[in-house]
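Chemist: Mind folding the following:
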Amino acid sequence: MEERAREQTIADYFVVVRRYKWIILAAALVVPIAAYFLSAQQAKVYRATSDVLLNRQDLGSTLTGIPTQSTVTDPVRYARTQAQLARVPAVTQAAVERAGVDGVRASELASNSDVSANPDTDILMFGVNYRDPAIAERLATAYAEAFVAYKLETETSSLEAARSEIQGRLAELRAAGASDTDTYRQLAQQAQSIRTLELLQLPASVVRPADGAGQIAPTPRRNAILGVMLGLMLGLGAAFGLSAIDRRVRDADEVERELQIPLLAKLPTPRGRGTAPIILDRPPDEATEAVGRLRTSFDFANAESAAKVVMVTSAGPREGKSTTITNLAIALARTGRHVVLVDLDLRRPSLARFLHLPDGPGITDLASHSSDLSDALQPVGVTAVRTRVAALGAADTGAGRLEVVTAGRTRVEPSAFVESPGLSDALHTLRTYAEIVLLDAPPILATGEAMALTGKVDGVLLVSRLGTLTHSSLRELARALRRSPAPVLGLVATGAELGEDYTYYAVEEYEAATPRTRPGHARQGLEVPEATSASAAASGRWTPRRGG
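Modeler: Below is the predicted model of the structure:
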């Protein structure tokens, strides 16, 4: 039964952000810069505004004396109605004619203007946007005046029509000699009332004509600030989108769960040294500490099986297999053990190049009996880890030896060579010669040699670079390891980001000199030696930083 997928946490999101930080930063820089320069190249636009005070007089109720339900009694609806009325073509055409601006049409004014109503007041605001501030000011004032005139005309036209109709009826009555009747007197009174309403009609008025125009576009600074936020959003979206479609496995815990083998250590990518060994001649840092942890974990993992011939392999090429096995061999040798490192990756041999060894006989020559063991072995100088406590007597962990058997000069077919009896004899000879033999084997998924070698070794150590394996190749690797007759001792994850938790302890830097007595220890008869910094790194003698 497959294990359920682990739920995402905030830490996982931070990992995605850190992994794609350059994409996020690039988007956060490129988008605002582009927005700024594009905005700066745009033509300037100015805006002028004028205000009109509305008159909400209900002529119907005034004329009849009876309250009516109309838009006048609802101020919000009335204001919105007047704002829509101001957008009719007759008003914009009249505004253009009033402004007297050559080249401006009513349709252009309509597309570059707006009328907004404030629901809390009886004021309409007329805004006009134009590339010339003086023309924008003239158009805004003319627009407001044209609306006032149009509103007055529409409101008085109905009164004039009603009064004209009554005047015609009165004329007919006078012609019929009925000017002394009650009907005539009532019609005359209505005509007088309508005339009074015409005279008392309160039109809308322009309470604030446009008094200048301010620039509203372009706004490079504001667009740049918005561009930063948009860039961050685009960068984060791209980061999480790439993370969602990325089928590569980047979590060492996921590799450990899928393969069901213990994770021995996480190793960072070597900085500034390419693929060369990271603990051979460099001062202590997080990388040397990680190799020291690998050596300790390897000893614990190998304690029960006591494997002497261990094959180190990976799923594919360029996963740090050769670099890892070289560093592990150096770390084991520095603890006083006799280690032989064999280059069995015959398609891509690299140990001689890593350790700057001369071309000479190797494993192919030894297996074909064209060279003796003494000729095939090339020693590599390592410094043994020593501790001396004067009160207890001298103690030494041993000289520590590291010898390397390169690929060799004899040309062979790799697939047939790993199955040959000569290789089995050579490995048997090395088993009896050294305390531990480490084989740099080919990738297990790339060729068939690695699987054939699993029948000739005591244990297998897997190296996997995070971000290289896909989920499908990880499942294939798990099936291959389950078919291995030799036990898999553990997993080493390379290309890992160690973080602060892995740098809590620092290695004391010692001088490569004769032991000397330190202050504070002389009275107790304790003599603290000094070793090389690389030896201290491999020995795992860690001291906490001050304040830690």
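Chemist: Thought Asp372 was touching Asp365, still the case?
Modeler: No - between Asp365 and Asp372 there is no contact under CB atoms under 8 Å: 9.1 Å. For the C-beta atoms, the positions are set from N, CA and C on the backbone; glycine is no exception.
Chemist: Who has more neighbours out of these two?
Modeler: Counted by other CB atoms under 10 Å, Asp365 and Asp372 do not tie: Asp365 has more neighbours, with 22 against 11.
Chemist: Regarding that one, what is its secondary structure?
Modeler: For Asp365, the assignment made with DSSP: H, G, I helix; E, B strand; the rest coil gives helix.
Chemist: Report the contact partners of it.
Modeler: 371, 375-376, 408-410 (CB atoms under 8 Å, 6 or more residues apart in numbering).
Chemist: same check, this time on His471
Modeler: His471 touches 247, 249, counting by CB under 8 Å, 6+ apart.
Chemist: From Asp246, how far off is it?
Modeler: 10 Å (CB to CB, to the nearest Å).
Chemist: What of Val404?
Modeler: For Val404, the distance to Asp246 equals 38 Å [CB to CB].
Chemist: Which one of the two is surrounded by more residues?
Modeler: Neighbours were counted for Val404 and for Asp246 using other CB under 10 Å; Val404 has more, 24 against 14.
Chemist: any idea of the pLDDT on the more buried one?
Modeler: We have a pLDDT of 94 for Val404.
Chemist: That one: which element?
Modeler: For Val404, the element it lies in under DSSP states H and E is strand 401-405.
Chemist: Work out the sheet partners of that strand and label each with its direction, please.
Modeler: strand 338-343 (parallel), strand 378-380 (antiparallel) (DSSP bridges).
Chemist: Out of those strands, which gets the lowest mean score?
Modeler: strand 378-380 (a mean of 90).
Chemist: roughly how far is that strand from the heart of the chain?
Modeler: Once both centres are worked out by CA atoms, centre = their mean, to the nearest Å, strand 378-380 turns out to sit 47 Å from its chain's centre.
Chemist: repeat for stretch 479-499
Modeler: For stretch 479-499, the distance to the chain centre is 29 Å (CA atoms, centre = their mean).
Chemist: buried stuff in it?
Modeler: 480-481, 484, 486-496 (16 or more other CB atoms under 10 Å).
Chemist: Quick one: mark the members of these that sit in strands.
Modeler: 488-494 (DSSP state E).
Chemist: of the residues you listed, closest to Arg18?
Modeler: Ala493 (16.8 Å; CB to CB).
Chemist: The closest one is in contact with Ala265, isn't it?
Modeler: Yes - look at Ala493 against Ala265 with CB under 8 Å: they come within range, at 7.4 Å.
Chemist: Show the contacting residues for the residue nearest to Gln167 when sequence neighbours are not counted.
Modeler: Excluding its sequence neighbours, the residue lying closest to Gln167 (CB to CB, 6 or more residues apart in numbering) is Ala191, at 6.1 Å. With contact set as CB under 8 Å, 6+ apart, Ala191 has these partners: 163, 166-167, 170.
Chemist: part of a helix, is Ala191?
Modeler: Yes - under three-state DSSP, Ala191 falls within a helix.
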